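Asker: Fold the following, please.
(chains A and B)
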Amino acid sequence: MTESTLRIGVLLPEVLGTYGDSGNAVILRERARLRGMEAEIVNIGMDDAIATEVDVYTLGGGEDSAQAMAAEVLRRDKGLHTFVEAGRPVLAICASLQLLGHWYEDASGTRHTGAGLLDAVTVPQGQRSIGELRARPAVEALAQTLTGFENHGGGTFLGEGTQPLGVVEFGNGNSTVPCPADFVPRSTPEPVDGAVQGSIIATYMHGPVLARNPELADLLLARAVGVSLADLAPLEIHEVTQLRAQLLGESQ
Amino acid sequence: MTVSRSRQAHHSRPLPLRSRLAILAGNAAAGASRLLGKGSGGFIGGAIAARIAPNVLSDLAAGKQCVIVTGTNGKSTTTRMTRTALGAMLAPVAHAPAGMSPEDFLASQVEKVASNTRGDNLTSGVIAALMAFPKATSAALEVDEMHVLEVADAVEPAAFVLLNLSRDQLDRVGEIGTVEARLRQAINRHPQATVIANCDDPLIVSVALDAPKVVWVSTGNRWNADAVSFPRGGRVIPSPEGLGWHVVDEEGNVTLSRPTPQWSVVDVEEGTVASGTITGPFGVELHVDLKLPGAVNVGNAAQAIAAAVSLGVHPEDAAAAVSTVDEVSGRYAMTTVRGRELRTMLAKNPAGWHVALSMVDPQAKAVVIGVNAQVGDGLDPSWLWDVPFEVLNKEQRIIVCGERRWDAAVRLRYAGIDCQVADLPMDAVDLCEEGRVDMLLNYTSLHDFKKVLAAMGGSK
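Answerer: Now for the predicted structure:
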């Protein structure tokens, strides 16, 4: 490894990696390498200190008991907080979106304190949202339609401090139930997916999300390297183009 | 003991009238279903019988020694092996009549053991299997994890075989914790049954831990990726070497260690087919020469042998019997199509793909990967990213096909593997040169491909 090697951190892969989400790190690494950068994946496990010497963190989904273990680690170790305060990029999927909020309630109704990095809360929906999810980007940096597969039992509400990643065109997105009485949500007339706050991008899209959304992958990569998205060399992967054509054609 | 149980079964009371009517109606429907080409008939016949007589399953199972085989991967193969080993109970090889080879004698007896041999593993499929073998005294039943409780309550099994638990079709089956809790409930409701449990899998140990009669088997199963949090609390720490593991609580105290196995796979040789040595209680040492590939199948054989032995089969007879299994619902079967020798293997979840990839013949001319995303497969193919496709030989020709071929192609591209893309498995076969081709297909992809092969008239 040299100083110029891009380091992609995967946080708590033992507990947050239920739906192929570790693939997001592989995709970031390969998109960096295909552009001639050196890149490597660093797994930060349950027994490791949360290192701040990485360039980007990815966090995946997990089941209730695994999610509770991850929440416990994030309450104890403030490494991720330091990383976010420094403006470094984080991608959080599904259960990780939930546990980065103020609090989340699991399927049994138990309320767990979250990391407090997102102005958001999550309650059980009763019925799981399962299926294809497609959204129009709600952040300026992105133009391409977002696509993924959602599979979550929790419904998430965003406060004024955070904004959605996308406006749902197909599927459910963040929530199908009313907001809990003890939280004041931002007004979002349309169903939305995900949460963006500072350098954190969170979504309910599995897939994994970066396999289906190369623009989002490159946005994270650009931020990890410290350049703008436009400064990255174009990278067209035929298989990805075909996959998007198939998925976006089918769910329309 | 074995003999008296068989006799009991022969004198079992006649089925109640309502159940007999239900079975007649069910058989008629199954025949119609087969004639219409709508599946193997097992599901629909059983479903109709169950609707007419809700107790039909317990009536059918009365007097039969039933073995329920369940777990995420290996159900069909282990059920086939268990059935064959139970056949050895009816026909100790030494009793073969003059002029009949021991193998033919065994095969004739295996046909007397009830079993859902086509993989219809929901309750209706189990009913159909027992309907198809009315005179059977024993049954080897493959049962879907979420249906074990219902089936066990009806059949009062003599034994459970618990193979392994890992993520499978999350959008359909639900989370692994739900599956574990449901299975544990089934085990705890049936303390009379002997539980043959894979002690290398922490989730299976959690399921079986309260059973009064448990036989632990070390299968060599190393897929622990889905068992970080132990369902009964604490987290699982694998030993740095070997198959050991233990559970620690929040303070780091060890609360449980892997149970000591009574049966163990101690040695495995892999090639086109697998062989291995299995040790058992009282110094038993058995050699199995399988006709199937894969170290995982030596583990499945060990569990089938342990189950048969717990019901009174001689260990040597059980080992000889499981070694005769050569194909399972068309899986592992070799078929020749236009000069290509195809070997088809089922892979339907990350653990299963892991195993299937390890079975790929490096000498094969091509490897075909078929990925669909129907309800039976799970609608979400994101598991592709949990499969270590990087182990594929980059020199080998790789062809992806199926509905989600582009998801697979993207996965392989990011693994640094060049692949060709075809629509359907048979289109992929057409792209291959003559010679050996390994076909790794997920559930409906294999199912559809088998139908295409059958329509072609099988081997040619």
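Asker: Now for whichever residue of chain B sits closest to chain A: which residues touch it?
Answerer: Here chain B gets closest to chain A at one residue, B:Trp385, 3.0 Å apart by C-beta to the nearest C-beta. To be clear about C-beta, it is placed using only N, CA and C from the backbone, and glycine gets the same treatment. By C-beta atoms under 8 Å, 6 or more residues apart in numbering or on different chains, the contact list for B:Trp385 reads A:Gly20, A:Asp21, A:Ser22, A:Gly23, A:Val26, A:Pro208, A:Ala211, B:Arg411.
Asker: Residue ranges in the stretch 51-200 of chain B under the pLDDT threshold?
Answerer: Scanning the stretch 51-200 of chain B for pLDDT under 70 picks out the ranges B:51-54, B:91-94, B:168-174.
Asker: ok, so what distance separates the residue of chain B closest to chain A from B:Ala208?
Answerer: Applying C-beta to C-beta, to the nearest Å, the value for B:Trp385 to B:Ala208 is 31 Å.
Asker: Format the contacts of B:Trp385 as TSV; extra columns: secondary structure, neighbour count and pLDDT.
Answerer: As requested, these are exported to TSV (DSSP: H, G, I helix; E, B strand; the rest coil; neighbours: other C-beta atoms under 10 Å in any protein chain shown; pLDDT from 0 to 100):
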residue	secondary structure	neighbour count	pLDDT
A:Gly20	coil	27	82
A:Asp21	coil	30	86
A:Ser22	coil	19	87
A:Gly23	helix	28	94
A:Val26	helix	22	96
A:Pro208	coil	30	93
A:Ala211	helix	28	97
B:Arg411	helix	30	97
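Asker: Looking at these, which two lie furthest apart in space?
Answerer: A:Asp21 and B:Arg411 (13.6 Å; C-beta to C-beta).
Asker: can you give me the helices in the stretch 201-350 of chain B?
Answerer: Remark: helices assigned in the stretch 201-350 of chain B by DSSP state H, counting those that start in this stretch are B:202-208, B:295-310, B:315-322, B:350-359.
Asker: ok, and the closest non-adjacent residue to A:Ser65?
Answerer: B:Ser229 (4.3 Å; C-beta to C-beta, 6 or more residues apart in numbering or on different chains).
Asker: Dump the lowest-mean-pLDDT helix or strand in chain A to PDB, restricted to CA.
Answerer: When each helix and strand of chain A is scored by mean pLDDT, DSSP states H and E, helix A:64-76 comes last, with a mean of 90. The C-alpha coordinates for helix A:64-76 follow below in PDB (Å, rounded to 0.1, in the frame of the first residue of the first chain):
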ATOM      1  CA  ASP A  64     -32.700  -7.000  14.000                       C
ATOM      2  CA  SER A  65     -30.300  -8.700  16.300                       C
ATOM      3  CA  ALA A  66     -27.300  -7.800  14.100                       C
ATOM      4  CA  GLN A  67     -28.500  -4.300  13.800                       C
ATOM      5  CA  ALA A  68     -28.700  -4.000  17.600                       C
ATOM      6  CA  MET A  69     -25.100  -5.200  17.800                       C
ATOM      7  CA  ALA A  70     -24.000  -2.600  15.300                       C
ATOM      8  CA  ALA A  71     -25.900   0.200  17.100                       C
ATOM      9  CA  GLU A  72     -24.100  -0.800  20.300                       C
ATOM     10  CA  VAL A  73     -20.700  -0.500  18.600                       C
ATOM     11  CA  LEU A  74     -21.600   3.000  17.200                       C
ATOM     12  CA  ARG A  75     -22.700   4.200  20.600                       C
ATOM     13  CA  ARG A  76     -19.400   3.100  22.100                       C
END
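Asker: Which positions within it qualify as buried?
Answerer: A:Asp64, A:Ser65, A:Ala66, A:Gln67, A:Ala68, A:Met69, A:Ala70, A:Ala71, A:Glu72, A:Val73, A:Leu74 (16 or more other C-beta atoms under 10 Å in any protein chain shown).
Asker: Which helix or strand lies directly C-terminal to it?
Answerer: Counting by DSSP states H and E, the next helix or strand C-terminal to helix A:64-76 is helix A:79-85.
Asker: I'd like to know how far A:Gly131 sits from chain B.
Answerer: 7 Å (C-beta to the nearest C-beta, to the nearest Å).
Asker: Okay, now the sheet partners of the helix or strand containing that residue, with direction.
Answerer: Using DSSP H and E, A:Gly131 maps to strand A:120-137. In the sheet, strand A:120-137 lines up against strand A:103-105 (parallel), strand A:146-158 (antiparallel), strand A:166-170 (antiparallel) (DSSP bridges).
Asker: Great, nothing more from me.
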